[in-house]
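A.B. asks: Fold the following.
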Amino acid sequence: MGEQHKNRGYLSSSIGCYCPRCREGKLFQHKLGLNLKNNMMMNKNCTVCGQPSELEVGFYYGTSYVSYALTVALSVATLVAWYVIIGLSTEDNRFYYWMGSNAAFLIILQPWLMRLSRSLWISWFVKYDPDWREHQPEDVSERINPDQSGNW
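C.D. replies: Predicted structure coming up:
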């Protein structure tokens, strides 16, 4: 596995939800599944290189913009594909069938889109370090609030 990350590029590490620093450790604790509660649980630090996953309080609020852009791009792509394959017309409701199909498609993809948005967002702030073994991850503890027990 150590050598495989060298072949993993930016896009495949982001889509696969790997740590952007080492491209080896997984960002999320659980695999994507039907249990929606566990889908967004992230590792506090990368299990391989120790990179913190939350750089500051509220860090992932910006992922809503990324998720919005992804859903717009997917909607445009499905609209073009629908137009080319089936055609669009309001007279025979083909446009409304696309709207319903697209809504169902986006709802089904939503857990994956949320993960992808987080993966892309953190990858824009944490750069890949091929020599991460020689460098310690940046200490971000002063930017993280303590948990409810008072521990950091």
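A.B. asks: Which elements pack onto the helix or strand bottoming out on mean pLDDT in the chain?
C.D. replies: Within the chain, no helix or strand scores below helix 36-39, which has a mean of 83 by mean pLDDT, DSSP states H and E. Using 3 or more Cβ pairs under 8 Å, 6 or more residues apart in numbering; DSSP states H and E, the elements in contact with helix 36-39 are helix 94-123. C-betas here are computed from N, CA, C, even on glycine.
A.B. asks: picking that back up, quick one: residues in contact with the least confident helix or strand of the chain.
C.D. replies: F28, Q29, H30, L32, G33, P111, M114, R115 (Cβ atoms under 8 Å, 6 or more residues apart in numbering).
A.B. asks: Could you rerun that using 7 Å?
C.D. replies: Helix 36-39 is contacted from outside by H30, L32, G33, P111, R115, using Cβ atoms under 7 Å, 6 or more residues apart in numbering.
A.B. asks: next one: stretch 21-34
C.D. replies: Residues outside stretch 21-34 that contact it (Cβ under 7 Å, 6+ apart): 1, 5, 8, 13, 17-19, 38-39, 41-43, 46-49, 51, 53, 111-112, 115, 118-119, 126, 128-129, 132, 137.
A.B. asks: give me the low-pLDDT residue ranges for the protein?
C.D. replies: Applying pLDDT under 70 to the chain flags residues 1-7, 137-152.
A.B. asks: just the helices in it please.
C.D. replies: Counting by DSSP state H, the chain has helices at residues 10-15, 36-39, 63-85, 94-123.
A.B. asks: report the angle between the axes of the longest one and helix 63-85?
C.D. replies: Helix 94-123 runs at 140 degrees relative to helix 63-85, counting by axes from the mean of the first three to the mean of the last three Cα atoms, to 10 degrees.
A.B. asks: Thank you, goodbye.
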